[in-house]
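# Got a sequence here, can you model it:
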Amino acid sequence: MGSLFKEVSMRPSCNQFINNADGRKLSFAEYGQLSGKPVFTFHGAPGNRFQLLGTHFAAEELGIRLIVADRPGYGSSDYYSARELCDWPADVEAIADFLGIERFGVWGISAGGPHALATAALLPDRVSRVALAASVAPRTHMEATASAQELKTIENVSARKIKWTANSWIALRQLASVVPWPIARLFINTANRQLMDDKEFRATRSIERNEFGKRSAEALAQDFSILMAPWGFELSEVSQEVTIWHGTADTLVKPQHGELLSKLLPNSSYHKVDGVGHLVAGSLYSDMLMAAAETSNSLRA
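Sure, this is the predicted structure:
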């Protein structure tokens, strides 16, 4: 199966690009059934369009057309230093226009969650439904419920520390690809280990790592900074139905994020997944795809 995913990753449909209004290149992939219900999926950080490669055959069976774009600086999309969270919906809209898609669902994973919410808030006439997996919540709201120690930790995050962390994450991801699996698995969170033991899952993550470009660390640091800053919209502006999943054993984005989002989003349902870590999307992506795609079946004539 790993070789099949490699074959899929080399298809023209998985290596498309457009130039948006300001001339930047946006790269994206399409998985699943190209005549199916469209869902735009936003990868985590770090990541790129191949992070969702493993969903191809499931999306195909479910009749879903999955579009995954590289955010600026990731994969083959051009980096730009002035990016803000609310810039992303315009990039999504440019790709949707290029593909002739009028209405679509959105699915955000981890750092992709806020990008999904921004797209829903700023493109209310085009986004039909929202699915979130282990999504980050706004810093301003997390601070309101944080302990004194947690507030001190947040306040001590500097631009320099963000950049150092980003470079370290990328280096560790690359190192993991050359360490024998029996050794590497010892350093993986127990809650994520079962999924990472799947050879097919590891094969797709290897393809993803191969697409980490020279600007991936900068893009990751930018994602961190963007998500810690004010988002530029209110969660109350997200009128669509939002389905949220969060693992109770998630140590990277703690379950409080999912619980807070479920309280602040006006039309949401929350699924607490017991014993599962940050990779909750990997074990439930069919459910998440269906939640995002349920009513996204309108194509432009």
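# Poorly predicted segments of the protein, please.
1-2, 141, 143-164, 166-167, 169, 172-189, 191-198, 295-301 (pLDDT under 70).
# all strands for it, in order.
16-19, 25-32, 37-42, 64-69, 104-109, 127-133, 241-247, 268-273 (DSSP state E).
# helices or strands up against the longest one?
When contacts are defined as 3 or more CB pairs under 8 Å, 6 or more residues apart in numbering; DSSP states H and E, strand 25-32 packs onto strand 16-19, helix 56-62, strand 64-69, helix 88-99. C-beta coordinates here come from the backbone N, C-alpha and C atoms, glycine included.
# Dump these to CSV, plus mean neighbour count and distance to residue 142.
Below are the helices and strands packed on strand 25-32 laid out as CSV (neighbours: other CB atoms under 10 Å; distance: least, CB to CB, whole Å):
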stretch, mean neighbour count, distance to residue 142
strand 16-19, 16, 35
helix 56-62, 18, 32
strand 64-69, 26, 27
helix 88-99, 19, 21
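# Quick one: closest of the ones you listed to residue 125.
helix 88-99 (10.6 Å; CB to CB).
# okay if I get the strands of the chain as JSON lines plus distance to residue 226?
Converted to JSON lines, those look like this (distance: least, CB to CB, whole Å):
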{"stretch": "strand 16-19", "distance to residue 226": "22"}
{"stretch": "strand 25-32", "distance to residue 226": "17"}
{"stretch": "strand 37-42", "distance to residue 226": "13"}
{"stretch": "strand 64-69", "distance to residue 226": "16"}
{"stretch": "strand 104-109", "distance to residue 226": "13"}
{"stretch": "strand 127-133", "distance to residue 226": "17"}
{"stretch": "strand 241-247", "distance to residue 226": "20"}
{"stretch": "strand 268-273", "distance to residue 226": "22"}
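# Among those strands, which comes closest to residue 207?
Using CB to CB, the strands of the chain put strand 25-32 closest to residue 207, at 11.0 Å.
# That closest one pairs with which strands, parallel or anti?
In the sheet, strand 25-32 lines up against strand 16-19 (antiparallel), strand 64-69 (antiparallel) (DSSP bridges).
# I'm done for today, thanks for sticking with me.
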